[in-house]
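Chemist: Output the structure for:
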Amino acid sequence: MFYRDLASFDFRVVETDKLSPQDLQEVLSLFEMNYRQANRVYLEKSLRTLRYLALAEHAGVPAGFALGECCVMDLPRLPGQVVNLAGTCCIMPQFRRRGLFRELERLTMVAAQLPPHSRRLTCGRMAHPVGVRGFGRHPAVVPEPELRPTPWQQEVGQAIAAAYGSHAFDPETFVCIGSGQPIGYPIIEFEVEPWEWEVFRQVNRDRGDALLTMAWIPDPPPEW
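Modeler: Predicted coordinates:
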């Protein structure tokens, strides 16, 4: 069952360059509980790249965290765009399916307190094919099965991959190529749809790859 009652959780958001040693240790422990062969170097790099960390506790026990930020970027052919950069999110198994993932992610996106905006580009790097599921609900998601990204989409993808500090990027497949070491293997229990596997099939998790996914909310710019 999926719950949305989050009243029993305590939330806080901190800037990643101001993490206390205790916060860092809690984040690393949660990461290792959610991933087999969890790559601490990868997570520590993400903490240096993304601006905000949202943390949740339940009765004083760490329940989950999410990395991310919302910022204004000059994208190819699109100056001054509002961009959501979603990062790693880990939830303790006993607290899953309560809406905690979305709430933590939301908190990282509102932390910068940007003024209202009519359109934004939401992005994420996926370590497992089920991660693309939420993006499939939005129009003009990139990548899509059996569709080659347009030159413009490839240019924007390269800019977003650079903002994430990706090791390398393949604009044809939208794979963020890893450094040679696995990010880790998510410990999750979800059935994966065929289309999710299709867009993910070029990802080499043993190499540390991830899939960059982008979607405009509520709609894409003209000619996208």
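Chemist: Next, the contact list for the residue in the chain sticking out farthest from the centre, please.
Modeler: Note on the chain: the largest C-alpha distance from the chain mean falls to residue 59, namely 26.7 Å (Cα atoms, centre = their mean). Contacts for residue 59 (Cβ atoms under 8 Å, 6 or more residues apart in numbering) come out as residue 8. C-betas here are computed from N, CA, C, even on glycine.
Chemist: try 10 Å this time
Modeler: 8, 9, 10 (Cβ atoms under 10 Å, 6 or more residues apart in numbering).
Chemist: With residue 212 as the reference, measure out to the closest residue to residue 155 other than its chain neighbours.
Modeler: For residue 155, ignoring the flanking residues on the chain, the nearest one in space by Cβ to Cβ, 6 or more residues apart in numbering is residue 76 at 3.9 Å. Distance, residue 76 to residue 212, by Cβ to Cβ, to the nearest Å: 15 Å.
Chemist: Compare those two (neighbour count), which wins?
Modeler: Set side by side, residue 76 and residue 212 show more neighbours around residue 212, with 23 against 14, by other Cβ atoms under 10 Å.
Chemist: which SS class is that one?
Modeler: Taking DSSP: H, G, I helix; E, B strand; the rest coil as the rule, one finds residue 212 in the strand state.
Chemist: What is the least confident helix or strand in the chain?
Modeler: Across the helices and strands of the chain, mean confidence by mean pLDDT, DSSP states H and E is lowest for helix 194-200: a mean of 86.
Chemist: pretty sure residue 113 contacts residue 52?
Modeler: No: applying Cβ atoms under 10 Å, one finds residue 113 not in contact with residue 52, separated by 11.1 Å.
Chemist: intersection of neighbour lists for those two?
Modeler: residue 70.
Chemist: Compare the two and say which one has the larger neighbour count.
Modeler: Residue environment comparison for residue 113 versus residue 52 gives the larger neighbour count to residue 52, 21 against 6, counting by other Cβ under 10 Å.
Chemist: Identify the bridge partners of that one.
Modeler: Judged by DSSP bridges, the bridge partners of residue 52 are residue 15, residue 68.
Chemist: Contact partners for it?
Modeler: With contact taken as Cβ under 10 Å, 6+ apart, residue 52 is in contact with 13-16, 66-70, 85, 87, 107-112.
Chemist: same question, residue 58
Modeler: When the contact criterion is Cβ under 10 Å, 6+ apart, the partners of residue 58 are 6, 8, 9, 10, 64, 92, 94, 95, 98, 100.
Chemist: Got phi/psi on it?
Modeler: Listed backbone geometry of residue 58 is phi -130, psi 110, with angles given as degrees, to the nearest 10.
Chemist: Output the contacting helices and strands for the helix or strand containing residue 46.
Modeler: Assessed by DSSP states H and E, residue 46 sits inside helix 40-49. Packing contacts for helix 40-49, counted by 3 or more Cβ pairs under 10 Å, 6 or more residues apart in numbering; DSSP states H and E, involve helix 21-34, strand 61-75, strand 78-91.
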